[in-house]
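Colleague: Any chance you could fold what I've pasted below:
(chains A and B)
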There are 2 protein chains.
Amino acid sequence: MAHAANPTVAFDTDPAHYRHWTLAFDGPIATLSMDVREDAGLSPDYKLKLNSYDLGVDIELADAIQRLRFEHPEVKTVIVTSLKERIFCAGANIMMLRGSTHNWKVNFCKFTNETRLAIEDASAHSGLKFLAALNGICAGGGYELALACDEIVLVDDGNSAVSLPEAPLLAVLPGTGGLTRVVDKRHVRRDLADFFSTLVEGIKGKRAVEWGFVDAVYPTSQFKAAVQKRALDLAATSDRPGAGPGITLNRLSPTVTESAITYSAVSVALNREKRTGELTVHAPTDPQPTTPAGILDAGDQFWPLRAFRELDDALLRLRVDEPEIGTIIVRTEGDREAVLAVDRTLAAHQSDWLVREIVQFMKRTLKRMDLTARTFFALVEPGSAFAGSLFELALAADRSYMLHDDDEENAIALSPMNGGLLPMSNGLTRLQTRFLGEPGKPAALLAHEGPFNAAEAEEAGLVTFAPDEIDWDDEVRVAIEARAAFSPDAMTGLEANLRFAGPETMETKIFGRLTAWQNWIFQRPNAVGERGALQVYGQQGRPEFDWKRT
Amino acid sequence: MAHAANPTVAFDTDPAHYRHWTLAFDGPIATLSMDVREDAGLSPDYKLKLNSYDLGVDIELADAIQRLRFEHPEVKTVIVTSLKERIFCAGANIMMLRGSTHNWKVNFCKFTNETRLAIEDASAHSGLKFLAALNGICAGGGYELALACDEIVLVDDGNSAVSLPEAPLLAVLPGTGGLTRVVDKRHVRRDLADFFSTLVEGIKGKRAVEWGFVDAVYPTSQFKAAVQKRALDLAATSDRPGAGPGITLNRLSPTVTESAITYSAVSVALNREKRTGELTVHAPTDPQPTTPAGILDAGDQFWPLRAFRELDDALLRLRVDEPEIGTIIVRTEGDREAVLAVDRTLAAHQSDWLVREIVQFMKRTLKRMDLTARTFFALVEPGSAFAGSLFELALAADRSYMLHDDDEENAIALSPMNGGLLPMSNGLTRLQTRFLGEPGKPAALLAHEGPFNAAEAEEAGLVTFAPDEIDWDDEVRVAIEARAAFSPDAMTGLEANLRFAGPETMETKIFGRLTAWQNWIFQRPNAVGERGALQVYGQQGRPEFDWKRT
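Modeller: Residues are numbered from 1 along each chain as shown, chains lettered A, B, ... in the order given. Sure, this is the predicted structure:
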């Protein structure tokens, strides 16, 4: 099924298995160095020359950022640099892109965008600052990685430049937020950004600083010392603990069979014939710690971290390895009160560094769900645990069905975690987005005492439908079958528009505007046709374009 | 060149030539009734059944809205309804879409989106309120037209429903803002919007009201009276004059040759070989009125209205009739002071109803330019008139080149019109968008006395480059040639991302997010392939989908 260049992918890794990055520590400063192994791409079809990257390289980067947050609370600044001579990073590997299916390109860009946003998230919410130390040529996705950092410094050696050559060279867009960040984050003037984005060779030296593309340039002789000083200055702005210990993020190691992915608290059952999946999250079954010390001690076995790490991994596997599973049934199981108790602990200790990391991780995982191009229908049945942070799964779903049982025991519940700690990428909570026209309603619902039974939940607008026991089976079955029969592309477009009501942020702009345009371009013959620029790059002859403007 | 269904189009019309709409007047209430002639589509390839529409139908609608603003200041509410029995509007014609090129589809959706936004603009800025009186089935683009109105009422006859059946029926999105307006304007809950948007038959009656899809339903017997009453209630909220006279918008009648489109104040010269156009706007040459009475008397010959109507028409013709002209050189000519004098008049009398209409029209035309998928390079040379409202053309351009002449006589100037009367669709002025990182700068520049010569303009960041006389010819020529050689699709995507720095609004969401996704879907085999849903609709057999989710 998969193209040779689109292998099945595992997203779980650890530093002992990195092939492309090294992590070094020096007090509050960590150095994350790119040193891509040409022959260690995910596929043997291409060589990762000049620190160019594929999904495998980015999975390690994402892992490193995650581990810095959880395992190294003493680190305050991360220097992102390269171990290669005269080259920082040449961007996404072109041969990899050329050999990839449309699906793969889109999922690759989505993940790499999430990784760059995770860098900004770490800076904004975790006090972990990033300094891009560009010690050589920095092109395309390499510059987009730098743009995600708090500061960018470039060596002034007469050769090293930053560039976004995608449009002029390959007839595609810089696909990892470059255009958006240049004007919306760095506030480069749009006409200068236009000029820059059509300049294959990029810009360097003083002009790169004057126009705002980098923060400073330093001659080779001063570069290292200047980077060190700036890293320490950045560290001084951090509110991280400055000392350990952290916790260890152990490998997840799910059991993967032909029809299921099973973790400790999360499972995915696949029905390939119906093109559906069942994603189930289990509430905690053991007693959970209630103090920062207890949480530190529990480490990655503390239920919310364990469950959401597994959920995150499951979503990524579904995206990349199971493209035909278009409709996901979301279920929860277990003790609703146990979830609410954990939520109370998280809310009470939200200023503790580790609790903060856990909550931020839950937030990012739920954003990953919002951005997953699959339909999610949540089914709320007796025995489920849609409460507080797990109720966010129902709020993130495209629809929710709640059984109106004769006993009225089926219930959902809200917690403080629904009140602002897990915002969407549009900056609002899922409750606020849901009730955009009733700004006072989320607070009123959060003030509700106790759970909501099906009638109450439906009346409150917290679930979409609440069929009774007679109708339940048929209504749910028909809804799922109908959904799974629609055009996958139309559902992706529909969901991408309806899920993000309300304000747009730089983050939503990257996924909504830039990515949507890029996906369009990734379909266009001028880029990917036989004579398209992406296809003929590096070969004899020039691309041939259909000159019609659209 | 054009597909049979993609004829050359003129955008200029008037009520005497309408084939699809009728306008009736009753004091402050106008009734705009859709009565599409099946056999009067732009192409003979399809029949416009059931009040379905093509671009020709929408051109008349846009014209009617425009004329209501200028010609009928007495009108305060427009009832939008249908003269067909039991059908309001079936939406965009499917056979037309099926037979159209990708280009045509995209331009069709862009124009129809602009028309619907013009309805909202008239309500927000001109006090002209719109009431959608849905006297029958209202599907797809028909419902999207209703969504653009201030209120929607639906007849409750057991049959009439509102629906967005595009995704389930045709595997495309509702392409005229429907998804965005449902959640962002009407604040329908996203899960209900999801359900609704997959329901071919739509919803009707009380549920349509409860869920927020319409404002009210009335039984057939009460419908007419209820509509009349609501129209009068809406009229009571309007600040329009309530009495005439208006001014007449005469036909533009440019001279069109193989290589030029020539109006009175605007001209377009086409170089098909180089795929470039030169768009020139001439400053006023005659004395211009300075009072509301004088402006009313001058009517559509008042320079700003005349010049911007011509500019608007030129942009539309370039979009639809000249797809291969990818790079537009923007020039102005004439007396800079004459433009500034007109700007002073407009700013001084901005509360006069007609001046307000003129300024709003200029605003919409400049937005049309922002949304035109062509590169614009402004060339500021001696003898040009880039001042105030005409300097907005340079600000709207992707880049501007200003000749740094030895005499230092080449100059630009700002006016109050650059300070807030001509905002972009992101809600900011072009100066604010340009200097997003320096919020205080626009006010400082507006306080500058007198013109800016090239050195001053470059220093102020008001132009991109200011080459001297030795470099000018080469630098400009090379820039234009290089631009015209890039992939048209990549440039469209680049510009769509760089032009809209800063906040997003419902309006920019429609063009940036929804349209970009729709354009992607319009390329996908699941919609437009041989067995795609748009292609097989109404024929034997079901569509066949590639089930991979992207």
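Colleague: what about A:Arg306, which helix or strand?
Modeller: Assigned by DSSP states H and E, A:Arg306 falls within helix A:303-321.
Colleague: how far is that helix from where the chain is centred?
Modeller: 11 Å (C-alpha atoms, centre = their mean, to the nearest Å).
Colleague: what packs against the helix or strand following that helix?
Modeller: Once helix A:303-321 ends, the next helix or strand along the chain (criterion: DSSP H and E) is strand A:327-333. Strand A:327-333 is packed against strand A:276-282, strand A:375-380, helix A:391-396, helix A:472-485, with contacts defined by 3 or more C-beta pairs under 8 Å, 6 or more residues apart in numbering or on different chains; DSSP states H and E. Where you see a C-beta, it was placed from the backbone N, CA and C, and this is true even at glycine.
Colleague: what sits up against the third one?
Modeller: Meaning helix A:391-396. Residues outside helix A:391-396 that contact it (C-beta atoms under 8 Å, 6 or more residues apart in numbering or on different chains): A:281, A:330, A:332, A:366, A:369-370, A:376, A:378, A:380, A:386, A:400, A:412-415, A:417-418, A:422, A:430-431, A:434, A:462-463.
Colleague: Give the other helices and strands that the helix of greatest length in chain A contacts.
Modeller: With DSSP state H applied, the helix covering the greatest number of residues in chain A is identified as helix A:102-126. Applying 3+ C-beta pairs under 8 Å, 6+ apart, one finds that helix A:102-126 makes contact with helix A:55-71, strand A:129-134, helix A:141-147, helix A:303-321, helix A:353-370, helix A:515-521.
Colleague: Apply 6 Å and report the result again.
Modeller: Identification of packing neighbours for helix A:102-126 by 3 or more C-beta pairs under 6 Å, 6 or more residues apart in numbering or on different chains; DSSP states H and E yields helix A:55-71.
Colleague: now the helix it packs on against helix A:303-321, angle please.
Modeller: The directions of helix A:55-71 and helix A:303-321 differ by 170 degrees, with axes from the mean of the first three to the mean of the last three C-alpha atoms, to 10 degrees as the criterion.
Colleague: Give me the distance between helix A:55-71 and the centre of its chain.
Modeller: 12 Å.
Colleague: what comes up buried for the helix or strand immediately after it in the chain?
Modeller: As assigned by DSSP H and E, the chain's next helix or strand after helix A:55-71 is strand A:77-82. Buried residues in strand A:77-82, counted by 16 or more other C-beta atoms under 10 Å in any protein chain shown: A:77-82.
Colleague: average pLDDT across the helix or strand that strand A:77-82 is followed by?
Modeller: Using DSSP H and E, the helix or strand that follows strand A:77-82 in sequence is strand A:87-89. The average pLDDT within strand A:87-89 is 98.
Colleague: partners of the next helix or strand after strand A:87-89 in the sheet?
Modeller: Downstream of strand A:87-89, the next assigned helix or strand under DSSP H and E is strand A:91-92. Strand pairing for strand A:91-92, using DSSP bridges, gives strand A:52-53 (parallel).
Colleague: Can you give the contact residues for the partner strand?
Modeller: For strand A:52-53, contacts defined as C-beta atoms under 6 Å, 6 or more residues apart in numbering or on different chains pick out A:90, A:93.
Colleague: same thing with stretch A:28-46?
Modeller: The contact list for stretch A:28-46 (C-beta under 6 Å, 6+ apart) reads A:4-5, A:7, A:19-24, A:47-49, A:51, A:54-57, A:64, A:75-83, A:89, A:93, A:95-96, A:99, A:231, A:235.
Colleague: Next, the buried residues of stretch A:449-465.
Modeller: Buried, per 16+ other C-beta under 10 Å, within stretch A:449-465: A:451-454, A:456-458, A:460-465.
Colleague: Nearest to A:Arg549, out of those: which one, please.
Modeller: The closest of the buried residues of stretch A:449-465 to A:Arg549 turns out to be A:Thr464 (C-beta to C-beta; 41.8 Å).
Colleague: hang on, isn't that closest one packed against A:Met402?
Modeller: No - contact criterion C-beta atoms under 6 Å: A:Thr464 and A:Met402 do not qualify, at 8.2 Å.
Colleague: before we move on, the earlier item: if any of the contacts of stretch A:28-46 are buried, give me the ChimeraX selection for them.
Modeller: Per 16+ other C-beta under 10 Å, the buried members of these correspond to this ChimeraX selection:
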select /A:5,7,20,21,23,47,48,51,54,55,56,57,64,75,76,77,78,79,80,81,82,89,93,95,96,99,231,235
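Colleague: The closest residue to chain B within the stretch 351-500 of chain A: neighbouring residues, count only.
Modeller: Residue nearest to chain B within the stretch 351-500 of chain A: A:Gly437 (2.7 Å; C-beta to the nearest C-beta). By other C-beta atoms under 10 Å in any protein chain shown, the residues close to A:Gly437 number 15.
Colleague: likewise A:Ala208?
Modeller: 24.
Colleague: and if you look at A:Thr101?
Modeller: 16.
Colleague: quick one: pLDDT of it?
Modeller: For A:Thr101, the model assigns a pLDDT of 95.
Colleague: and if you look at A:Met1?
Modeller: 34.
Colleague: same check, this time on A:Gly541
Modeller: 84.
Colleague: And for A:Pro289?
Modeller: At A:Pro289, pLDDT is 98.
Colleague: Equivalent analysis for A:Ser253, please.
Modeller: 88.
Colleague: ok, and of the buried residues of stretch A:449-465, which contact chain B?
Modeller: A:Thr464 (C-beta under 6 Å from any C-beta of the partner chain).
Colleague: So which of the buried residues of stretch A:449-465 sit within helices?
Modeller: Going by DSSP H, the helices hold A:454, A:456-458, A:460 from those.
Colleague: Just give the closest residue to the most centrally placed residue in chain A, not the sequence neighbours.
Modeller: Among the residues of chain A, the one closest to the centroid is A:Glu114, at 3.0 Å (C-alpha atoms, centre = their mean). Nearest non-adjacent residue to A:Glu114, counting by C-beta to C-beta, 6 or more residues apart in numbering or on different chains: A:Arg368, 6.5 Å away.
Colleague: Many thanks, I have nothing further to ask.
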